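Asks: Fold the stuff below for me.
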Amino acid sequence: MTAGPGVWVRDRAAQARQGRRSTAARPERETIGCALMYSRVCLAALLLLVSTFVIADEAEPAALYIVHFETGENWDESVKPSEQNQFREHSANLNRLREEGTIVFGARYGELGLIIITSSSLESAVALMAADPGVKAGIFEFRVEPLSVFYPWRPHSD
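Replies: So this is what the prediction gives:
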């Protein structure tokens with residue numbers, strides 16, 4: 001058996017023919033290498049198994065909902081938006097939802113705003129928006145509707 005650089009030869013006679021000396025470290029390195037490979041295979045199998053359970057345990061896939069915001073009865077026209085009661089908390093809440101991946105899109109148009117969110121149901125989407133600090137303070141009112149996409153988003157190309 002011939003071996004190139006970095007290949008361990010188990011046969012002492014073959015090692016002697018190649019001018020190599022046998023050392024006690026080589027069998028240990030071979031054992032460590034096998035153990036390391038076995039550990040990697042077990043880890044990969046464990047990750048695959050866990051991901052299968054996570055996917056299987058998920059509830060219904062999240063659907064898309066559109067949330068339409070407009071100013072509420074407690075909006076003070078004489079005050080800038082950033083100075084409205086609970087406006088900063090409202091913005092922080094929307095930023096948190098965006099970072100969590102709940103908000104997938106948001107925009108303003110005219111004096112109105114809209115966000116597109118993911119949620120497991122219409123009821124949970126409404127509950128999520130009802131808990132918003134700006135809504136609770138009455139500076140915003142909202143409406144939530146299911147969103148059925150028939151033209152998927154694609155970036156505008158110039």
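Asks: from here on, contacts and neighbour counts on C-alpha atoms
Replies: Fine.
Asks: next helix or strand past the worst-scoring helix or strand of the chain on mean pLDDT?
Replies: One helix or strand of the chain scores below all others by mean pLDDT, DSSP states H and E: helix 25-57, with a mean of 53. As assigned by DSSP states H and E, the chain's next helix or strand after helix 25-57 is strand 63-71.
Asks: who does that following strand touch, helix- and strand-wise?
Replies: strand 112-119, strand 140-146 (3 or more CA pairs under 8 Å, 6 or more residues apart in numbering; DSSP states H and E).
Asks: For it, which residues meet the burial criterion?
Replies: Of all the residues in strand 63-71, those buried under the rule 16 or more other CA atoms under 10 Å are 64-71.
Asks: just curious, which of those residues is nearest to residue 92?
Replies: residue 69 (15.8 Å; CA to CA).
Asks: show me what contacts the closest one?
Replies: When contacts are counted by CA atoms under 8 Å, 6 or more residues apart in numbering, residue 69 is found next to 112-114, 140-143.
Asks: Local confidence estimate at it?
Replies: Residue 69 is assigned 96 on the pLDDT scale.
Asks: Any idea how many residues pack against the closest residue to it other than its chain neighbours?
Replies: Counting by CA to CA, 6 or more residues apart in numbering, residue 69 lies nearest to residue 142, which is 4.5 Å off, once chain neighbours are set aside. The local packing of residue 142 (other CA atoms under 10 Å) involves 16 other residues.
Asks: Could you measure from residue 142 over to residue 90?
Replies: To residue 90, residue 142 is 13 Å away according to CA to CA, to the nearest Å.
Asks: Now that we have the helices and strands packed on strand 63-71, can you turn them into CSV and tack on distance to residue 104 and mean pLDDT?
Replies: Formatted as CSV, those follow (distance: least, CA to CA, whole Å; pLDDT from 0 to 100):
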stretch, distance to residue 104, mean pLDDT
strand 112-119, 6, 95
strand 140-146, 14, 96
